[in-house]
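Chemist: My questions concern the predicted model and sequence given below.
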Amino acid sequence: MKIKVCGLKHPENINAVAALQPDYAGFIFYGKSPRYMANLAADALQTIPASIQKTGVFVNESAENIDRLIVEYGFNAIQLHGDESPEFCAAFKGRVTVIKAFGINEDFDFEQLKDYANNVDLFLFDTKTKEYGGSGKTFDWAILDQYKLDIPFFLSGGVGLENIKEVKNITHPQFYGVDLNSRFENEPGLKNIEKLKEAFKIIKNKTQQMKYGVNEQGYYGDFGGAYIPEMLYPNVEELREQYLNIINDDDFKAEFDDLLKNYVGRPSPLYHAKRYSEKYGANIFFKREDLNHTGSHKINNAIGQILLAKRLGKKRIIAETGAGQHGVATATVCALMNIECVVYMGEIDMVRQAPNVARMKMLGAKVVPATSGSKTLKDATNEALRDWIGNPVDTHYIIGSVVGPYPYPDIVARFQAIISQETKAQLLEQTGKELPQYVMACVGGGSNAMGMFYHFIEDEAVKLVAVEAAGKGVNSGESAATTALGDEGVLHGSRTILMQTEDGQVVEPYSISAGLDYPGIGPQHAHLFKTGRGQYVSITDEEALRAGLLCCQLEGIIPAIETAHALAQLEKMKFEANDNVVICISGRGDKDLDTYINYFGY
Ligand SMILES: Cc1ncc(COP(=O)(O)O)c(C=O)c1O
């Protein structure tokens, strides 16, 4: 059942309602309504996520005014609540979702709706009053049985917490959703968020969904969504509409699997690290993403997204990169597919990950320095988003982690899920059990961790350990320990947890590892953290570098400094002798040799 919240007019209240993820948000343009939003600036609606249909509500307004307001406020839907004719409705159909409202009483003649059937997308049935809605009164819902057309309808008029359970019992085949308005207010136009939350809970019955997965609106619990500028709506909407069809298509799967096997070199080994196991008193396994072509897990997602971009008909690829691994992976797949590639990278990261800059250039990509802010990953992401806004039609943005507006976090997680999919089968083969006691990974935006967790998330017996970068110490002022220091807010298009000042400015992060030097985490991680499903910890630069060296000396593997953060966490854990523990070795340390050399003085 869809939810429409109608009669919004105060900017802060609009944001609070948007965070509840209704399907439609209604703004009333009718001078006689106490909810008239005449003074609301058009940009107050810009922060509303793309998943919410912004709906202008009009009563006998002129077509010229409606046209103008659609453009000014970026409405995706209009609700015509007066005596508009079928022809009047038809003029808007196809451009926006057209909802025609009717006041219903016991004498209502449903026959008159036939003339509208081809000219509107939805009906809305409200209680008949002189005031064109907003009365708070109900009508006898049994009358709806007389409605026989196949256009879906919203039910409106007097829906409140008192009767919401009865609404849920309506079984009419065209019952599409419910319109929540005057009974959820502190005063006309000011919505009562607590009451709305209660209603949403009852309607959506959230417990029936997968506990930790994404819902239809692109949210993981309180996090996710698509908070994007108007200009990006078409791109993100195109992706949202098509990604599942494309990636579930048999041809796509065959090409993806073939490239993972024959180009990337998958499956990556699950290596039983014997000296580590001895040292830490448990069975420690390394999932060797460092052995992938290009040296990290990032290639899994890059392959998936280039195939997606091709099927969307895109001619140009942009990407952001921190450690350069995602940039290299993207430049690689662009070379493979002969597609133009532009990679944005923070100026500081270009220095500390210089070998990867050279690699990207050799692969034919243009590397553009991001020179604002801390000149690291956050700033590169800003530049890439800016590029996308300027080139919305032919360009696909390959985001490198489980961050960004929905559907990106889900797309990237699905492409990285191969990590846990293989791990399960390999554990079964090597230990006789497919579920380990622990899976562990480092977290920048969180893509290798999400890949490592994906197929274990709903098995609550498996503990998920995510390791962030504490830089020079969590409270040193130079850190990227997001969950320890952060708060809920919006970063790079999704609602998540991020490091921010009291007035919402993003705090510049710091970590010695470019790939973890990011002020946020993906929305699914925020959800795992908030619900307590995942354990989120942090490791300093120094602890990570020492752990990296230990891995060289005990196992003959030079890990990326990002990965070394996950390895360092082993020092702080207490295991039972039979515990099976899998650590994602997200990347190899070649790119970090200078940093290791400078620190240890080799
Ligand atoms: C080797 C390696 N591990 C981890 C990360 C962190 O990214 P994510 O959290 O998306 O896995 C990066 C990012 O560049 C990386 O290169």
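Modeler: Structure received. Numbering: from 1, shown residues only.

Chemist: Only the buried residues of stretch 595-602, if you could.
Modeler: Along stretch 595-602, these residues count as buried under the neighbour rule (16 or more other Cβ atoms under 10 Å): 595-596, 599. For every residue, glycine as well, the C-beta is placed using N, CA and C.

Chemist: Those: which ones sit near the ligand?
Modeler: Checked against the ligand using Cβ under 6 Å from any ligand atom, these give no members in range.

Chemist: which one of those residues is nearest the ligand?
Modeler: Distance to the ligand across the buried residues of stretch 595-602 (Cβ to the nearest ligand atom) is lowest for Thr595, with 12.9 Å.

Chemist: So what touches the helix or strand encompassing that closest one?
Modeler: Using DSSP states H and E, Thr595 sits within helix 593-600. Identification of contacts with helix 593-600 by Cβ atoms under 8 Å, 6 or more residues apart in numbering yields 352, 354, 512, 545, 548-549, 558, 561, 589, 602.

Chemist: now, which of these lie within helices?
Modeler: Counting by DSSP state H, the part of the contacts of helix 593-600 found in helices is 352, 354, 545, 548-549, 561.

Chemist: what's the spacing between Phe286 and the ligand?
Modeler: 13 Å (Cβ to the nearest ligand atom, to the nearest Å).

Chemist: Is that residue in a helix, a strand, or coil?
Modeler: Under DSSP: H, G, I helix; E, B strand; the rest coil, Phe286 falls in the strand class.

Chemist: give me the number of residues near it?
Modeler: Neighbour count for Phe286, taken as other Cβ atoms under 10 Å: 25.

Chemist: coming back round to it: in the contacts of helix 593-600, find the pair that's most separated.
Modeler: Farthest pair in the contacts of helix 593-600 (Cβ to Cβ) is Ala354 and Leu549. Separation: 21.3 Å.

Chemist: which residues touch the most centrally placed residue in the chain?
Modeler: For the chain, the residue nearest the mean C-alpha position is Tyr406 (3.6 Å; Cα atoms, centre = their mean). Counting by Cβ under 8 Å, 6+ apart, Tyr406 makes contact with 49, 51, 214, 217-219, 224-226, 236, 240, 494.

Chemist: residues near the closest residue to the ligand within the stretch 151-300 of the chain, how many?
Modeler: Of all residues in the stretch 151-300 of the chain, the one sitting closest to the ligand is Ser296 (4.1 Å; Cβ to the nearest ligand atom). Residues lying near Ser296 (other Cβ under 10 Å) number 28.

Chemist: Report the contact partners of it.
Modeler: 289-290, 323, 325, 329, 448, 560, 586-588.

Chemist: what about the residue of the chain positioned farthest from its centre, which SS state?
Modeler: Distance from the C-alpha centroid of the chain, by Cα atoms, centre = their mean, peaks at Asp107 (47.1 Å). Judged by three-state DSSP, the three-state class of Asp107 is coil.

Chemist: In contact with Asp250, which residues are there?
Modeler: Neighbour list for Asp250: empty [criterion: Cβ under 8 Å, 6+ apart].

Chemist: Residues of the stretch 151-300 of the chain that sit close to the ligand?
Modeler: For the stretch 151-300 of the chain, the contact set with the ligand under Cβ under 6 Å from any ligand atom comprises Ser296.

Chemist: Please see if stretch 302-316 touches the ligand.
Modeler: No: using Cβ under 6 Å from any ligand atom, stretch 302-316 stays clear of the ligand, with a minimum separation of 11.7 Å.

Chemist: where along the stretch 101-250 of the chain do the helices fall?
Modeler: For the stretch 101-250 of the chain, the helices defined by DSSP state H, counting those that start in this stretch occupy 164-168, 193-204, 233-247, 250-259.

Chemist: What residues of the last one count as buried?
Modeler: It stands for helix 250-259. Buried residues in helix 250-259, counting neighbours by 16+ other Cβ under 10 Å, are found at 252, 255-256, 259.

Chemist: Quick check: what element follows it along the chain?
Modeler: Assigned by DSSP H and E, the successor of helix 250-259 is strand 270-272.

Chemist: from the chain's centre, how far out does the helix holding Thr595 sit?
Modeler: Here helix 593-600 is found 36 Å from its chain centre; the criterion is Cα atoms, centre = their mean, to the nearest Å.

Chemist: Give the rounded mean pLDDT of it.
Modeler: Mean pLDDT, computed over helix 593-600, is 95.

Chemist: just stretch 494-511 next, same as before
Modeler: 94.

Chemist: try stretch 546-558
Modeler: On average, the pLDDT along stretch 546-558 is 98.

Chemist: How about that stretch and the ligand, touching?
Modeler: No: contact of stretch 546-558 with the ligand (Cβ under 6 Å from any ligand atom) is absent, the minimum separation being 11.4 Å.

Chemist: Tell me, domain by domain, which residues of this protein belong where.
Modeler: According to automatic domain parsing, the chain comprises the domains 2-208, 236-259+295-410, 263-291+417-600.

Chemist: If you average pLDDT over each of these, which is lowest?
Modeler: Here those differ in mean pLDDT, and the lowest is domain 2-208 at a mean of 91.

Chemist: can you map out the strands along the stretch 401-550 of the chain?
Modeler: With DSSP state E, counting those that start in this stretch as the criterion, the stretch 401-550 of the chain has strands at 438-442, 463-471, 487-491, 494-498, 534-540.

Chemist: Quick one: closest of those strands to the ligand.
Modeler: strand 438-442 (5.3 Å).

Chemist: in its sheet, what does the closest one sit against?
Modeler: Partners of strand 438-442 in the sheet, by DSSP bridges, are strand 463-471 (parallel), strand 580-585 (parallel).

Chemist: would TSV of these with mean neighbour count and distance to Asn39 be doable?
Modeler: Output for the strands paired with strand 438-442, formatted as TSV (neighbours: other Cβ atoms under 10 Å; distance: least, Cβ to Cβ, whole Å):
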stretch	mean neighbour count	distance to Asn39
strand 463-471	26	43
strand 580-585	26	52
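
Chemist: mind putting those strands in TSV, distance to Val343 included?
Modeler: Formatted as TSV, the strands paired with strand 438-442 follow (distance: least, Cβ to Cβ, whole Å):
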stretch	distance to Val343
strand 463-471	22
strand 580-585	24
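
Chemist: now these as a markdown table including distance to the ligand?
Modeler: What follows is the strands paired with strand 438-442, written out as a markdown table (distance: least, Cβ to the nearest ligand atom, whole Å):
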| stretch | distance to the ligand |
| --- | --- |
| strand 463-471 | 9 |
| strand 580-585 | 8 |
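
Chemist: Could you list the contact residues of the stretch 301-450 of the chain toward the ligand?
Modeler: Residues of the stretch 301-450 of the chain lying close to the ligand (Cβ under 6 Å from any ligand atom) are 322-323, 325-326, 401, 442-449.

Chemist: ok, of the residues you listed, which one's closest to Val467?
Modeler: The closest of these to Val467 turns out to be Cys442 (Cβ to Cβ; 4.9 Å).

Chemist: Relative to Asp290, how far out is that closest one?
Modeler: Per Cβ to Cβ, to the nearest Å, Cys442 is found 12 Å from Asp290.

Chemist: Neighbours of Leu80, how many?
Modeler: 25.

Chemist: which residue packs closest to it, ignoring adjacent ones?
Modeler: Lys100 (5.3 Å; Cβ to Cβ, 6 or more residues apart in numbering).

Chemist: and if you look at Val5?
Modeler: Per Cβ to Cβ, 6+ apart, closest to Val5 is Pro22, 4.7 Å.
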